[in-house]
Each structure stands twice: as structure tokens, then as C-alpha cells.
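[1] From the sequence below, what's the structure:
(one chain, ligands or ions: 2)
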Amino acid sequence: MAPIDFDCPNIPANIGASCDDGDNTTLNDMIDANCNCVGAPTACTGIGDADGDGVCDDVDCDDLDANITHQPGDACDDGNLHHHQRYV
Ligand SMILES: [Ca+2]
Ligand SMILES: [Ca+2]
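    Residues are numbered from 1 along each chain as shown. Ligands and ions are numbered 1, 2, ... in the order given. Model prediction:
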């Protein structure tokens, strides 16, 4: 027997332990009964939120800058010089 037994020896981790599923759009990531690291979905789950500011990729003018949280309909600069103005 190994000195330390984990519920999920392949990870290794115990069921119910906190973990990181690598998706910052899910919260409270935890090892579930199937030894998967899963978090609670948020509105951005499946869409993405690269900067973690709570504004999803599809509506975030700059999803690499958490300080930029413009919302749909706001005028903003997407950094593309070919567009003078972009509405999301
Ligand atoms: Ca997560
Ligand atoms: Ca974002």
C-alpha cells in the first residue's frame, strides 16, 4: 500500500478537494465523485473569459485586459486599425 491513499490516485487527489479545471469561467472547482475536476458554470462557461473580468469573450471589447469591461453597445476600440469603431 502506498503511504498515502487518494480517492483518485491518477490525479492524485481526494474527492471534494479543491482543484483548478483550467477554466476561469467556472467557480469553486472541486474533484467530483468521478474524479473529474469540475467547477460551477457561470454565464461565460463555454464562451470564455480570458481576462477573468466577468465579461464574456463574445462581448468583451478587450478580453485580455480585465480593466476594460465595456458592455454590448458601448463604443470601443478593438485595436484593429481597419475599424474606426466597433460595436459589440
Ligand atoms: Ca475553474
Ligand atoms: Ca473578459
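[2] And the contacts of stretch 6-19?
    2, 4, 28, 29, 30, 31, 32, 33, 35, 37 (Cβ atoms under 8 Å, 6 or more residues apart in numbering). Yep, even glycine has a C-beta here, placed from its N, CA and C like the rest.
[3] The second one: what's it in contact with?
    Under the criterion of Cβ under 8 Å, 6+ apart, the contact list for residue 4 reads residue 12.
[4] can you check the last one too?
    Counting by Cβ under 8 Å, 6+ apart, residue 37 touches 11, 13, 19, 20, 21, 29, 30, 31.
[5] how does it look with 6 Å?
    19, 21, 29, 31 (Cβ atoms under 6 Å, 6 or more residues apart in numbering).
[6] Nearest spatial neighbour of it, chain-adjacent residues omitted?
    What sits nearest to residue 37 in space, not counting adjacent residues and going by Cβ to Cβ, 6 or more residues apart in numbering, is residue 19, at 3.9 Å.
[7] now swap in the third one and tell me
    The shortest distance from residue 28 to any residue other than its chain neighbours is 5.1 Å, reached at residue 40 (Cβ to Cβ, 6+ apart).
[8] Relative to residue 33, how far out is residue 10?
    Noted for residue 10: a distance of 15 Å to residue 33, by Cβ to Cβ, to the nearest Å.
[9] helix/strand/coil for the nearest residue to residue 52 once chain neighbours are set aside?
    Counting by Cβ to Cβ, 6+ apart, residue 24 is the residue found nearest to residue 52 once chain neighbours are left out, at 4.7 Å. Here residue 24 is coil, with the state taken from DSSP: H, G, I helix; E, B strand; the rest coil.
[10] so residue 24 makes contact with residue 51?
    No - at 8.7 Å, residue 24 does not count as touching residue 51 under the criterion of Cβ atoms under 6 Å.
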